[in-house]
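1. sequence first, predicted coordinates after that:
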Amino acid sequence: MDSIIQTYQLTKTFKNEEIIEPLDFTLRKGEICALIGKNGAGKSTFFKMLAGQLMPTTGDIQLFGKSGKKIGKSKKRMGFMIETPEFFPDFTATQNLEYFRIQRGVTEKKRIYEVLQIVDLANQKKKRFKDYSMGMKQRLGIALCLLSSPDCLVLDEPINGLDAEGIMEIRKLLLKLNQEKQITILVSSHILTELQLLATRFVFLKNGVIVDDLSKQTLDEKSKKQIHLKVDDVAKAARLLEQGYADIQYKILPDHLITIQNHVEEGGEINRLLIDNEVFVMEFRMEALNLEEYFLGLVEGNEK
Ligand SMILES: Nc1ncnc2c1ncn2[C@@H]1O[C@H](COP(=O)(O)OP(=O)(O)OP(=O)(O)O)[C@@H](O)[C@H]1O
């Protein structure tokens, strides 16, 4: 059984507003799946439904193939970090984890030392939580998720607010958990370039709808190129592009520049379309497109 999380037509409505539209999603074993969406896209709402903190309005959730009343056992195989856990500021990492170990019924006391080692906090045992850096606090949050030895982690914005070093540490940690401990990971963020170095799959969420779902390989191919044009009549060129390609994704930049994010393989035809219609093309080249630009193209549509 390869699917760890599966949702069927899952929805959530708050006060007559559908925040999550019927959502079908599968997380497969071994993946590091990035859920990418702007603030308010519905990432936390989706994660809270997976964790059982929010009831879906309609639809179904399966964890490890189990749903409904049987889901409880599967939930024990999951580690959720949806909001920063409420650690005691004056407690050390060990004292904080000991509190949660007892609360959660994890019998083996030595597990605390193991998880602190995994997240590289074992040598900080005497420091109190309030003296931790943001990165250390996040890693302690992940340690807490790991206490019950889960097979899957669901992490909401674990690198939010971290500096470059903190981000790198979390990335190293998540890669280690995935590769060495075979933990499947679903992680959300809006720091897209960071996820490009971490995830094996990218799911884009906009207003509660999955607008794209790409493997790392496809994303890398897409991010290789975009068309970069300099033309004399930008408005006419834009009109021709829209007439020629209904789904065209482009941006108009200052200095008569247009970048086109899709139909990149048809660059020759696009050039011909413009020239044949008497648009003077001063520059035509392919250039690299980064994930951030691709994402903005998807979630904002054309900037006209
Ligand atoms: N309990 C609630 N009652 C009413 N509206 C809510 C509730 N929780 C979330 N929302 C709304 O649902 C939408 C999605 O919120 P959500 O927190 O899931 O987005 P998000 O993608 O996680 O964004 P962020 O990164 O800002 O947390 C927002 O418009 C938010 O205001």
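-> Done, it's in.
2. quick one, what contacts the residue in the stretch 151-300 of the chain positioned nearest to the ligand?
-> Minimum separation of the stretch 151-300 of the chain from the ligand (Cβ to the nearest ligand atom) falls at residue 157, amounting to 6.2 Å. (Glycine included, C-beta is placed from N, CA and C.) Residue 157 makes contact with 43, 188, 189, 190 under the criterion Cβ atoms under 8 Å, 6 or more residues apart in numbering.
3. and the ligand, which of those reach it?
-> residue 43 (Cβ under 6 Å from any ligand atom).
4. filter the contacts of residue 157 down to the ones in strands?
-> 188, 189 (DSSP state E).
5. the contacts of residue 157, buried ones only, as a PyMOL selection?
-> To isolate the buried subset of these in PyMOL, counting by 16 or more other Cβ atoms under 10 Å, use the following:
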select buried, resi 43+188+189+190
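6. out of the contacts of residue 157, who's nearest residue 174?
-> residue 189 (11.1 Å; Cβ to Cβ).
7. may I have the beta-bridge partners of that closest one?
-> Per DSSP bridges, the residues bridged to residue 189 are residue 36.
8. shouldn't it be in contact with residue 195?
-> Yes. Shown here, residue 189 and residue 195 form a contact pair, counting by Cβ atoms under 8 Å, at 5.5 Å.
9. hey, what's in contact with both of the two?
-> 34, 36.
10. phi, psi of residue 83?
-> With angles defined as degrees, to the nearest 10, residue 83 sits at phi -120, psi 150.
11. ok, for it, nearest residue in space, not its chain neighbours?
-> residue 156 (7.3 Å; Cβ to Cβ, 6 or more residues apart in numbering).
12. coming back round to it: regarding the residue of the stretch 151-300 of the chain closest to the ligand, what are the backbone dihedral angles?
-> Note on residue 157: its backbone torsions stand at phi 50, psi 50 [degrees, to the nearest 10].
13. could you do residue 182 as well?
-> phi 60, psi 40.
14. with residue 158 instead?
-> According to degrees, to the nearest 10, residue 158 has phi -70, psi -10.
15. do I have it right that it meets residue 82?
-> No. Here residue 158 does not reach residue 82: they are 10.4 Å apart, not a contact under Cβ under 8 Å.
16. neighbour count winner among those two?
-> residue 158 (25 against 18; other Cβ atoms under 10 Å).
17. ok, which stretches of the stretch 51-200 of the chain are helices?
-> 71-75, 93-104, 111-118, 134-146, 164-180, 192-196 (DSSP state H, counting those that start in this stretch).
18. of those, which is nearest residue 250?
-> Per Cβ to Cβ, nearest to residue 250 of the helices of the stretch 51-200 of the chain: helix 192-196, 19.8 Å.
19. how about that closest one and the ligand, touching?
-> No. Contact check for helix 192-196 against the ligand, using Cβ under 6 Å from any ligand atom: none in range, with a minimum separation of 13.1 Å.
20. can you get me a residue count around the closest residue to residue 112 other than its chain neighbours?
-> Spatial nearest neighbour of residue 112, excluding adjacent residues (Cβ to Cβ, 6+ apart): residue 97 at 4.6 Å. Per other Cβ under 10 Å, the neighbour tally for residue 97 reads 25.
21. isn't residue 97 right up against residue 113?
-> No. The pair residue 97 and residue 113 does not pass the contact test of Cβ under 8 Å, sitting 9.3 Å apart.
22. OK, contacts around residue 285?
-> If you count contacts by Cβ under 8 Å, 6+ apart, then residue 285 has 227, 228 around it.
23. 7 Å - rerun?
-> residue 228 (Cβ atoms under 7 Å, 6 or more residues apart in numbering).
24. what's the helix or strand for it?
-> Per DSSP states H and E: residue 285 is located in strand 281-287.
25. now do the same end-to-end measure for stretch 259-266.
-> 14 Å (Cα to Cα, to the nearest Å).
26. now it: how far from the chain's centre is it?
-> 25 Å (Cα atoms, centre = their mean, to the nearest Å).
27. using neighbour counts, pick out the buried residues of that stretch.
-> For stretch 259-266, by 16+ other Cβ under 10 Å, it's 259, 260, 261, 262, 263, 264.
28. next one: stretch 268-278
-> Under 16+ other Cβ under 10 Å, the buried positions of stretch 268-278 are 270, 273, 274.
29. stretch 95-112 now?
-> 96, 97, 100, 101, 106, 111, 112.
30. stretch 140-149 now?
-> Neighbour count says stretch 140-149 has 140, 141, 142, 143, 144, 145, 146, 147, 148 buried, by 16+ other Cβ under 10 Å.
31. tell me where the model's unsure across the chain.
-> Scanning the chain for pLDDT under 70 picks out the ranges 1, 191, 224, 289-304.
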